[in-house]
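In: Fold the following and give me the result.
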Amino acid sequence: MSTSSPTRTRTRTPIPTQPIFSSTYPPTQGTHDLSALLKPTGKWSLIANGKGIERRVRFRGFKKCWEFMDTVASECVLQKHHPEWSNVYNTTFIRWTTHSPPSLSEKDVLMAKFCDEVAGRCGEVEDVVEDGEVGRELVDRVGAEAGDCCVPKKV
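Out: Here you go, the predicted structure:
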């Protein structure tokens, strides 16, 4: 008797052709700033709705991954801007987007550049998995359940 594991069908999210920038971020400047970050030259991908960028960052172990996240978190406090992210052992999946109004802002691009610099200092290793579905699915779920984090909550 043979047992087989169920086949999982992957669906790819369509890649948008154009980023959607915030009203305070001129599209010509944003396009220029993104050119070095986005694949194939960079490590970031535009999210499906064009309103953010995302990527996976992998390290040799949990300690370096946590060091990366801690350093980014400290800068987030200074910049008053935070990512949507997830962490499993040595891998962090990061998405930068602006929630109010929904778009790609200059802070998103600046923080993505900062993440790349910190990842290099913390010893990022080449990610052999091209599609970060596990991290992405977790970020999608938590982001949807959290609601609009950038609007003050009514008590």
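In: any idea how far residue 89 is from the residue positioned nearest the centre of the chain?
Out: Centre of the chain computed as the mean C-alpha position; nearest residue by CA atoms, centre = their mean is residue 95, 2.0 Å away. Residue 95 is 19 Å from residue 89, where distance means CB to CB, to the nearest Å. Quick note: C-beta positions are derived from backbone N, CA and C, even for glycine.
In: Which other helices and strands does the helix or strand residue 78 falls within contact?
Out: Here residue 78, judged by DSSP states H and E, is contained in helix 62-79. With contacts taken as 3 or more CB pairs under 8 Å, 6 or more residues apart in numbering; DSSP states H and E, helix 62-79 sits against strand 52-58, strand 84-88, strand 91-99, helix 106-121.
In: quick one: average confidence on it?
Out: The predicted model assigns helix 62-79 a mean pLDDT of 97.
In: about what we covered before: now render the helices and strands packed on helix 62-79 as a markdown table, adding distance to residue 71 and mean pLDDT.
Out: Converted to a markdown table, the helices and strands packed on helix 62-79 look like this (distance: least, CB to CB, whole Å; pLDDT from 0 to 100):
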| stretch | distance to residue 71 | mean pLDDT |
| --- | --- | --- |
| strand 52-58 | 12 | 95 |
| strand 84-88 | 13 | 93 |
| strand 91-99 | 11 | 94 |
| helix 106-121 | 5 | 97 |
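In: and of those, who's closest to residue 18?
Out: Closest approach to residue 18 among the helices and strands packed on helix 62-79 is made by strand 52-58 (13.0 Å; CB to CB).
In: I am finished for the moment; much appreciated.
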